[in-house]
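[1] Quick one, fold the following:
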Amino acid sequence: MTFQNELINWYLLNKRDLPWRHTNDAYTIWLSEVILQQTRVEQGLPYFNKFLENFPTVSDFAGATEAKVLKLWQGLGYYSRGRNMHATAQIVVKDYHGVFPNLHDELIKLKGIGEYTAAAISSFSSGEARAVVDGNVFRVLSRYYGIATAINSPAGKKEFFALANELLYRDDPALYNQAIMEFGAMQCKPKSPACGICPLNQTCYAFNHKMVNELPVKIKKAAQKHRYINYFVCFDGGQVLVRERQAGDVWQHLYDFPGIEMLTHEDTDNGLLVDQVKNTFGNDAYFEFISAKKHILTHQIIHVQFFALKNYIFNFNKQKELNWVSLNKLDELPQPKVIHDFVQEYFFSDKME
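    Predicted coordinates for the structure are as follows:
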C-alpha cells in the first residue's frame, strides 16, 4: 500500500480547495466533472460557478432553454457536452423524479456520461468502489510503473483500467481517486513535472530510467483539417443579420453570420470569392474587409475573415436560418468563441459609442 499511502498523504497536504470537494451531491459533482472535461480547473471554475448559480437544481437545468445553456457554455468548446448535459437533466427529472443518480450502473445510462465520469460521480457521491482513469491517472501510472502501451489504444485502455482497479484503495475510494488525479494535475504534470521533490521518485520507473518525457505513450492523431470561412456582416437600422447553424457541422445551434466557405486560402484571396458573393447575395453586392481571425479546434483549424456586406439581396424564404436581431439580442445569443470575440470588438467596443 506504499504507493496509495504516499498519494493520499501528499493529497492531504497539497490539495486545492475546490467547491465540488465540499459536497457529495451527485448533481453538483456531475456539473464539475462534465465542465472540467478537456478543460483546466482555472478555466472551468468560473463556468461551474455560473452554471450552479443559474441552475441550483437539476430541475432548474432541465427547465432552461437550450439557447441559455449554450450561452452559458460559450467559450468552453465541445458544445455537444452542453447539449448532452441539458438532455441528461431532462431525463433525470422525467425518469428519476429530479433526484440525480449516484451509482455507476445508473449513471452510465445517461447521455454524455462515459466510464470515467460515471466512476468519478459514483465514487465521490456515494463512495462506490470504482477507479477513475483520466489523463492524469494515465500519466501517473504510466510513469510510475513504466508502462509503454499507448494510452489511447484499446490494449492500453484495458491494461490501465485493470491496473487502476487493482490499485484502488477500497477503504476510501473517493479519497484515493481524488488523490491520484490531483497528483497528476499538480505534481506529475505533462511538462516539467516536479520530480525532484516527488515523494514517489525513489520507486518511480520513469524517473529512475530517465523516461519521464517519453511516458505516457500516445498514438498521434491525424493532422488537423484547415477550413476557410468568410463571414459577411450586414448591419441595418440597429439590427444585424445572424444565422443559426444547423446540425451536421461544428457549432450546432450556435449563431454566426451569413458566410461562404472556400476550399483553400488561395480561393479566398482570388476572384473566386467575388464570384461567390455575387452568386449568393446578388450581382450588385460588394464587400469590404474588416478583420481576420484563426480559431483552433481539436480536429480543425478554422481561418475566418469578416467583411462588411453592401447592396445585398437575401431570399429569406429559402434561407430560413437567417434572422435580423438587435444588438442586445445578439449579445444574448450563444455564439462560437471566434464570433463572440468579433462581436465584442466590432459592435460593443468604444469605437461603436
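[2] Local confidence estimate at residue 346?
    Listed pLDDT for residue 346 reads 89.
[3] Now for it, how many residues are close by?
    17 (other Cβ atoms under 10 Å). The way it works is simple: take the backbone N, C-alpha and C, and place the C-beta from them, glycine included.
[4] Residue 284: what's its closest spatial neighbour, skipping adjacent residues?
    residue 311 (4.7 Å; Cβ to Cβ, 6 or more residues apart in numbering).
[5] Residue 45: helix or strand, and which one exactly?
    helix 41-54 (DSSP states H and E).
[6] Return the distance of that helix from the chain's centre.
    13 Å (Cα atoms, centre = their mean, to the nearest Å).
[7] Report all helices and strands that the following helix or strand past that helix contacts.
    Later in the chain than helix 41-54, the nearest helix or strand by DSSP H and E is helix 58-63. Helix 58-63 sits against helix 79-95, with contacts defined as 3 or more Cβ pairs under 8 Å, 6 or more residues apart in numbering; DSSP states H and E.
[8] tell me which strands and helices the following helix or strand past the helix it packs on is in contact with?
    Next in sequence after helix 79-95, counting helices and strands by DSSP H and E, comes helix 104-107. Applying 3+ Cβ pairs under 8 Å, 6+ apart, we find helix 104-107 packed against helix 115-126.
[9] packing partners for the helix it packs on?
    helix 26-35, helix 104-107, helix 173-186.
[10] Make JSON lines out of those helices and add mean neighbour count, distance to residue 321 and mean pLDDT.
    Below are those laid out as JSON lines (neighbours: other Cβ atoms under 10 Å; distance: least, Cβ to Cβ, whole Å; pLDDT from 0 to 100):
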{"stretch": "helix 26-35", "mean neighbour count": "24", "distance to residue 321": "28", "mean pLDDT": "97"}
{"stretch": "helix 104-107", "mean neighbour count": "18", "distance to residue 321": "36", "mean pLDDT": "96"}
{"stretch": "helix 173-186", "mean neighbour count": "22", "distance to residue 321": "41", "mean pLDDT": "96"}
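[11] Could you check which helix or strand contains residue 232?
    Assigned by DSSP H and E, residue 232 falls in strand 225-233.
[12] again with residue 140
    helix 135-145.
[13] can you check residue 292 too?
    Counting by DSSP H and E, residue 292 is part of strand 286-296.
[14] what residues does the helix holding residue 45 touch?
    16, 18-20, 28, 31-32, 35-36, 39, 60-61, 64, 68, 72-73, 75-76, 185 (Cβ atoms under 8 Å, 6 or more residues apart in numbering).
[15] Of the residues you listed, keep whichever come out buried.
    20, 28, 31-32, 35-36, 39, 61, 64, 68, 72-73, 76, 185 (16 or more other Cβ atoms under 10 Å).
[16] buried sites along the helix or strand following the helix holding residue 140?
    Counting by DSSP H and E, the next helix or strand C-terminal to helix 135-145 is helix 154-167. By neighbour count on 16+ other Cβ under 10 Å, the buried set for helix 154-167 is 156-157, 159-161, 163-164, 167.
[17] Next, the angle helix 115-126 makes with the helix holding residue 140.
    Counting by axes from the mean of the first three to the mean of the last three Cα atoms, to 10 degrees, helix 135-145 lies at 100 degrees to helix 115-126.
[18] thinking in terms of the whole chain, how far from its middle is helix 135-145?
    Distance, centroid of helix 135-145 to centroid of chain: 22 Å (Cα atoms, centre = their mean).
[19] Output whichever helix or strand comes after the strand holding residue 292 as CSV - backbone C-alpha positions only.
    Downstream of strand 286-296, the first helix or strand assigned by DSSP H and E is strand 300-310. Taking Å, rounded to 0.1, in the frame of the first residue of the first chain, the C-alpha atoms of strand 300-310 are listed here in CSV:
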residue,chain,number,x,y,z
GLN,A,300,-9.8,21.6,-37.3
ILE,A,301,-8.1,25.0,-37.7
ILE,A,302,-10.7,27.5,-39.0
HIS,A,303,-9.4,30.6,-40.7
VAL,A,304,-12.0,33.3,-40.6
GLN,A,305,-12.4,36.6,-42.4
PHE,A,306,-15.0,39.2,-41.6
PHE,A,307,-16.4,41.5,-44.3
ALA,A,308,-19.0,44.3,-44.3
LEU,A,309,-21.5,43.4,-47.0
LYS,A,310,-23.2,46.2,-49.0
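[20] what residues does strand 300-310 touch?
    With contacts defined as Cβ under 8 Å, 6+ apart, strand 300-310 is touched by 224-235, 250, 257-258, 265, 268, 277, 281, 285-296, 338, 342, 346.
[21] ditto for stretch 172-187
    Counting by Cβ under 8 Å, 6+ apart, 4, 7-8, 10-11, 14-16, 21, 41, 119-120, 123-124, 127-132, 134-137, 139-140, 168-169, 193-194, 198 sit against stretch 172-187.
[22] Buried among these? Make that a PyMOL selection.
    Filtering these down to the buried ones (16+ other Cβ under 10 Å) takes a single PyMOL command:
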select buried, resi 4+7+8+10+11+119+120+123+124+127+128+129+130+131+132+134+135+136+137+139+140+168+169+193+198
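[23] shouldn't residue 74 be in contact with residue 334?
    Yes: assessed by Cβ atoms under 8 Å, residue 74 is found in contact with residue 334 at 5.4 Å.
[24] okay, and the common contacts of these two?
    In contact with both residue 74 and residue 334: residue 254, using Cβ under 8 Å, 6+ apart.
[25] Kind regards, and thank you for your time.
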